[in-house]
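1. got a predicted structure plus its sequence, pasted below:
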4 protein chains.
Amino acid sequence: MTMDAIEIRYEERPKLVNPIFIEGLPGIGNVGKLAAEHVIDQLKGKKFAEIISKHFPPQVLIEDDGLVRLVDNQLYYAKTEKGKSDIVILTGDYQGLTPEGQYELSDFILKVLKELNVKKIFTLGGYGIGRMIRKPRVLGAATEENLVKQMKEVGVVFSRSEPGAGIVGASGLLLGMGKFYGMESVCLMGETSGYFVDPKSAQAVLEILSKILDVPFDYEELEAKAKQIDSITSRLREIEAKVEKQEDLSYIG
Amino acid sequence: MTMDAIEIRYEERPKLVNPIFIEGLPGIGNVGKLAAEHVIDQLKGKKFAEIISKHFPPQVLIEDDGLVRLVDNQLYYAKTEKGKSDIVILTGDYQGLTPEGQYELSDFILKVLKELNVKKIFTLGGYGIGRMIRKPRVLGAATEENLVKQMKEVGVVFSRSEPGAGIVGASGLLLGMGKFYGMESVCLMGETSGYFVDPKSAQAVLEILSKILDVPFDYEELEAKAKQIDSITSRLREIEAKVEKQEDLSYIG
Amino acid sequence: MTMDAIEIRYEERPKLVNPIFIEGLPGIGNVGKLAAEHVIDQLKGKKFAEIISKHFPPQVLIEDDGLVRLVDNQLYYAKTEKGKSDIVILTGDYQGLTPEGQYELSDFILKVLKELNVKKIFTLGGYGIGRMIRKPRVLGAATEENLVKQMKEVGVVFSRSEPGAGIVGASGLLLGMGKFYGMESVCLMGETSGYFVDPKSAQAVLEILSKILDVPFDYEELEAKAKQIDSITSRLREIEAKVEKQEDLSYIG
Amino acid sequence: MTMDAIEIRYEERPKLVNPIFIEGLPGIGNVGKLAAEHVIDQLKGKKFAEIISKHFPPQVLIEDDGLVRLVDNQLYYAKTEKGKSDIVILTGDYQGLTPEGQYELSDFILKVLKELNVKKIFTLGGYGIGRMIRKPRVLGAATEENLVKQMKEVGVVFSRSEPGAGIVGASGLLLGMGKFYGMESVCLMGETSGYFVDPKSAQAVLEILSKILDVPFDYEELEAKAKQIDSITSRLREIEAKVEKQEDLSYIG
């Protein structure tokens, strides 16, 4: 009688060839979401479904035209050249708010992917290291040994102690639970300070993904965003430096 | 075997003509609730149902005569002149305490409205701007382009960046979820500091609503409440000013 | 397949004459629990059921003999003289931890009471006033006008603005939800500072209850407990006074 | 349609003789988990099932080879000499995150144990005393008087006021709820500061368990871990002492 905890509304039921799934939801440095949105943009992805859920905040967003939409997760698809796998991309406004919500949402999405005949998953995210970084590495985790090997070949770093706490949220659960659905998966994590939205980290992740999918990406837009962020952060550092100097002087004075 | 998460108890099953729904529950500046109660008062609304729920606080309120009642949400109706739409109004003591509760309550209410044949929804609320304001604007959001247009014509402001965070709670969900029930909706948000109960903001919202419904409201009572609040806040500012002055003097001294 | 959210285990199925229900669970000043335990003690109540629940903390308590028992709520009954109502008493280790748990537990208990043919409920609790008090009044709230009248006659205070926030928890919900089960109820709240366990406030509540039930209680034990608490609090005040004096001196020095 | 709140995946269905169950999950000083892992190690336990649940954090862990696994609880069994009871051991990454989760997980595990024909349970844990301790005692709690007696004979301490707050979590619930499944149980709690992982406390618990099960354990590995912890804590104390000394000097200076 009450609404389901999670509901999907299809705008289209795409027929996909050997589809690969890419997830990028909000998280550390928003790396995963930035990267997933870039993939949608570059591959001209088409939205085919929206997922709404009691596990998201009870909130509507207001678009520029004054129209509202419920916060949601969205599924896009992109057709690729003949012979290559089609792509399904998940992005959205929020992840589930509670542990239970996280589990249920990941399980729900895996059931949708099963229907779409997805057999391979890439989840994208950030790995917060608590300091600014010039050249972010891309760390990996996977469900199969051969995937670890393949990822190392394209430059993904597998490091024994990183990330020590494992992977929290959808990027982790889709791997861990995907196994029960017969899907093999990789998580790609771009290093990021964790203090800012980090387009540079997203680009690092995408450069790896580009090699894996054998699809070229243009990074102009991400580079522009990165410059914006850089200019903001460097201005912040200047102000900080001035304040510290003044404090020093007043102390001397 | 246990109680339902949400229960409705009808005192009456009104027959309504082409009813329009107005929601005003507690929220920022209590603008929505003040406005909804004023509509009930002005249109001599009659309570026809109470909604109790596990999603509300586990609490009874004590009336002046020493009698208790469970915290609840209440539904009222008001018959209007021939040819005009009847009105259904929702107000209450609380909104749902959890995200899940918020979703379930909004869905429950939409099912009730569906039965009543409601096709149009106005949700009323406050938009907190963090500073005192003399002439509160009324901001809007809607589910249809033509509604945005109609609202602009009666003075509702649609502003690209406001409210940036969207609309949280029942005033938002009823719009976002109402779409799935074939209802078109508008949210009217009166600007308010967010620090006090704000009858002035409620009046601004009601002046718009009065134009939309083509029903005149008398604002005497709200204006009296506004004066009370004004006198309290101005006294607070005087005390604040005195304290600051004394602190200045002691500093000089 | 999983355990029910609430389970009751009967040790006995008592046959009761026109039973009255008394609730006293942990709360402000532990007034309700102290009072309910005193009633059990004075009327030689016999435990007939235990209620365990996922809504309680996941905890066992260790008795003096080293044996454990799950935290629970307990139901007792006491037979009275011919012609008088038998008594059912509820006390326990905890109230439900969440709003939802509170609602479900109260509803569960009301269903149990319905089976026992209970028609009248007294819930006992404390009313925190934030300062020490010599002669605690007993405030009331009820479900029927005639009950308000009867309570006033035995000295219960019905005060327009107290308690302003209503009654939170089982003592309130049993009244508010009891109405749906055709039960009439009264909540008796002893004034208490809210800082300590308050046997004096419990005694004030019991003195009223004694008049209502026409059953005499002996307060020796409660008076002894009150003396203990008094001696602790007065020692605390002495220490506090000394500390303040020293601070004053050091400031002068 | 959604996943169950708790799922078990069997790798094997062992046939066990008169099995005894030992639980050691993360908790105070990690005493229980250290002890359970030591039992598995010493008795060459074989994993036969994994339990995943929405009540655990939404997280995967990354193994040294870069492969992920969902956080879970694991069941092991160990065959013993003829005539002795086989052993079933539970350990894992987390306990349930919520009270409700704790109850459901304990109930789930008890159902699994019922199927395995378990009649006796030992839960292992730490008892935090808030200060360093050289010779940790092992405190006990049990479901039957004769068990209390037996435990005292092997050196378990039953102390009236300890632990005053009872036992929180799986180590307590399995005892309290095990009674409903006809299982008799003992909780063994090693004293621990609660500030560090405490192999010394785990060893104290195991020395008792070794007597009960009449199975010898080798403690070399635990002693090595204890030395590591000791060296870390003593270095911390040295640093602390130096810092304090410097602060004293600067104060004098």
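-> Good, I have the coordinates.
2. what's near enough to touch the closest residue to A:Val68 other than its chain neighbours?
-> In this structure, A:Val68 finds its nearest non-sequential neighbour in A:Val60, 4.2 Å apart by Cβ to Cβ, 6 or more residues apart in numbering or on different chains. Where you see a C-beta, it was placed from the backbone N, CA and C, and this is true even at glycine. Each residue near A:Val60 by Cβ atoms under 8 Å, 6 or more residues apart in numbering or on different chains is listed here: A:68-71, B:141, B:166-167, B:172-173, B:175-176.
3. partner residues bridging A:Val60?
-> Residues in a beta bridge with A:Val60, per DSSP bridges, are A:Leu70, B:Ile167.
4. just want the phi and psi numbers for the closest residue to chain C within the stretch 1-150 of chain A.
-> Nearest residue of the stretch 1-150 of chain A to chain C, counting by Cβ to the nearest Cβ: A:Thr98, 12.9 Å away. Main-chain dihedrals, A:Thr98, degrees, to the nearest 10: phi -120, psi 160.
5. count the neighbours of it for me.
-> Other residues lying near A:Thr98 total 17 when counted by other Cβ atoms under 10 Å in any protein chain shown.
6. so who does it touch?
-> Contacts of A:Thr98 (Cβ under 8 Å, 6+ apart): A:His55.
7. what residues go with each domain of chain A?
-> Domain ranges of chain A: A:6-218, A:219-253, per automatic domain parsing.
8. reformat the ones you listed as JSON lines; add distance to B:Glu153 and mean pLDDT.
-> Output for the domains of chain A, formatted as JSON lines (distance: least, Cβ to Cβ, whole Å; pLDDT from 0 to 100):
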{"stretch": "domain A:6-218", "distance to B:Glu153": "13", "mean pLDDT": "96"}
{"stretch": "domain A:219-253", "distance to B:Glu153": "38", "mean pLDDT": "79"}
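9. of the ones you listed, which stretch is the most buried?
-> domain A:6-218 (a mean of 20; mean count of other Cβ atoms under 10 Å in any protein chain shown).
10. chain center to it, what's the gap?
-> 4 Å (Cα atoms, centre = their mean, to the nearest Å).
11. output the set of residues of chain A in proximity to chain B.
-> A:1-3, A:5, A:54-62, A:64-71, A:97 (Cβ under 8 Å from any Cβ of the partner chain).
12. what about A:Lys114, helix or strand, and which?
-> Assigned by DSSP states H and E, A:Lys114 falls within helix A:99-115.
13. same deal with A:Cys187?
-> With DSSP H and E as criterion, A:Cys187 is part of strand A:184-192.
14. sheet partners, orientation included, of that strand?
-> strand A:120-128 (parallel), strand A:138-142 (antiparallel).
15. so A:Gly125 is in contact with A:Cys187, correct?
-> Yes - the pair A:Gly125 / A:Cys187 is scored as a contact, 6.6 Å apart, by Cβ atoms under 8 Å.
16. overlap in contacts of those two?
-> Common neighbours of A:Gly125 and A:Cys187 (Cβ under 8 Å, 6+ apart) are A:167, A:171.
17. which residues touch A:Ile121?
-> Taking Cβ under 8 Å, 6+ apart, one finds A:20-23, A:113, A:174-175, A:178, A:183-186 in contact with A:Ile121.
18. leaving out sequence neighbours, find the closest residue to it.
-> In this structure, A:Ile121 finds its nearest non-sequential neighbour in A:Ser185, 3.7 Å apart by Cβ to Cβ, 6+ apart.
19. check the gap between A:Met189 and A:Val118 for me.
-> Separation of A:Met189 from A:Val118 (Cβ to Cβ, to the nearest Å): 21 Å.
20. same check on A:Glu162?
-> 28 Å.
21. then A:Arg235?
-> Going from A:Arg235 to A:Val118 by Cβ to Cβ gives 44 Å.
22. can you check A:Tyr94 too?
-> A:Tyr94 is 22 Å from A:Val118, where distance means Cβ to Cβ.
23. any idea how far the closest residue to A:Tyr10 other than its chain neighbours is from D:Thr98?
-> Among residues not flanking A:Tyr10 along the chain, A:Ala49 sits closest, at 4.7 Å (Cβ to Cβ, 6+ apart). Per Cβ to Cβ, A:Ala49 is found 31 Å from D:Thr98.
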